[in-house]
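> Prediction below, plus the sequence it came from.
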Amino acid sequence: MPVAGTHPKPVGAMELGDHLALVFDDDGERRSIMAAYARDGVRAGEKVIYISDGVPAADVLAWLLAADAGPGQDPGGGGIDLAAAMEAGHFVVRTAEETFLASGRFDPQESLQLMATEIDLALVQGYRGVRIAGEARFSLRRWPGTDQHGDFERMLDEVFMTTDLKAMAICQFDRRWFDDVRLAAVDASHMGRVRVNDYYDDGSLRITPIFSPPGAALAGTIDRSNLSAAADVLESITTRAGLLCLDLGGVTDCDADGLRLLAGAGGRGHGGLLLRGVPPALHDRLREEGLDDAPGISVEYRA
């Protein structure tokens with residue numbers, strides 16, 4: 001069984017048996033994670049069930065497809081057609097109301113039994129497992145029984161922890177709706193959190209999409225061993241807003257060629273470059289290379 005960790009798990013690394021929380025405050029980030037989750041499930045021969053609330057059920061497909069134009073996504077969808085998967089019943093969208101309140105009130109035990117039935121049915125249909133994604137905002141609507149939603153999450157986590165389920169689940173919590181007390185309870189009733197996939201990670205350098213502002217966060221060392229790969233990633237990044245942000249807060253070392261690569265990212269059709277969170281170790285190097293006040297580049301240093 002997967003064990004909860006201190007660091008969120010990339011969505012692409014999820015396995016059957018995972019019960020993770022997506023805590024978000026950016027809709028683009030959430031959409032990118034959920035689109036990857038759905039496509040990975042279809043690709044793996046798993047049935048994907050999306051339980052919607054904030055996003056109307058009829059709009060979920062279009063909402064997910066819009067992720068292709070944002071950070072962190074393969075514009076071609078990795079060759080997976082979600083529309084065709086929906087037609088085939090491989091990808092299913094239901095509302096929170098029809099899923100959890102069919103009897104007129106929310107009942108944790110009844111909801112658990114419903115999920116067990118869905119999993120058993122999918123396995124009989126020939127799927128190798130089930131991916132469930134649920135929006136949790138309905139729990140704040142004061143519908144009958146929704147005050148027991150916390151109990152449901154704890155019971156669900158117990159089932160995932162003690163049973164060899166052929167299923168995985170992501171429960172979505174909007175930080176703009178759920179306060180810190182509720183989110184602490186969320187962490188206590190899930191194996192961990194899920195995050196967006198990395199663009200690149202070789203163990204020395206990790207490049208991860210960011211969404212507000214759009215761009216990438218870099219962590220680790222940038223040198224000749226990964227310079228070419230980093231260049232490929234920066235070349236592939238597109239933004240809608242025009243401004244490209246590179247968050248360097250996690251960079252521990254960067255040679256002169258790496259600095260020139262980062263500074264040159266702003267010339268790839270973007271409306272400007274923001275180097276954010278530049279650590280003290282890179283401050284003098286940027287200045288020596290004459291990059292700290294180059295045209296089109298804004299630099300925010302980390303204290």
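Done, it's in. Numbering: from 1, shown residues only.
> Return the helix or strand in this structure with minimum mean pLDDT.
With mean pLDDT, DSSP states H and E as the measure, the helix or strand of the chain carrying the lowest mean pLDDT is helix 280-288 (a mean of 85).
> count of residues packed around the residue nearest to Ala229 when sequence neighbours are not counted?
Beyond its immediate neighbours in the sequence, the residue positioned closest to Ala229 (C-beta to C-beta, 6 or more residues apart in numbering) is Tyr200, lying 5.7 Å away. (Each C-beta comes from the backbone N, C-alpha and C, glycine too.) Around Tyr200 there are 17 other residues, counting by other C-beta atoms under 10 Å.
> Please apply the same query to Glu97.
As a measure of burial, Glu97 has 16 neighbours, counting by other C-beta under 10 Å.
> list the contacts for it?
Going by C-beta atoms under 8 Å, 6 or more residues apart in numbering, Glu97 touches Asp53, Phe138, Trp143.
> again, 10 Å this time
Ile51, Ser52, Asp53, Ala57, Phe106, Phe138, Arg141, Trp143 (C-beta atoms under 10 Å, 6 or more residues apart in numbering).
> Please determine how far the last one is located from Arg175.
In this structure, Trp143 lies at 22 Å from Arg175, with C-beta to C-beta, to the nearest Å as the measure.
> So for those two, which residue has more residues nearby?
Ranked by neighbour count (other C-beta under 10 Å), Trp143 and Arg175 place Trp143 first, with 17 against 13.
> the strands in the stretch 51-200 of the chain, which residues?
For the stretch 51-200 of the chain, the strands identified by DSSP state E, counting those that start in this stretch occupy 91-95, 130-135, 167-174, 192-195, 200-201, in order along the chain.
> can you tell which of those strands is closest to Pro10?
Of all the strands of the stretch 51-200 of the chain, strand 192-195 sits nearest to Pro10, with 6.0 Å by C-beta to C-beta.
> For the nearest residue to Leu234 once chain neighbours are set aside, grab the count of nearby residues.
On the basis of C-beta to C-beta, 6+ apart, the spatially nearest residue to Leu234 that is not a chain neighbour turns out to be Ala265, at 4.6 Å. The burial metric for Ala265, expressed as a neighbour count using other C-beta under 10 Å, is 22.
> Relative to Pro209, how far out is Ala265?
Looking at Ala265 against Pro209, where the rule is C-beta to C-beta, the gap reads 14 Å.
> And Ile237, by the same measure?
8 Å.
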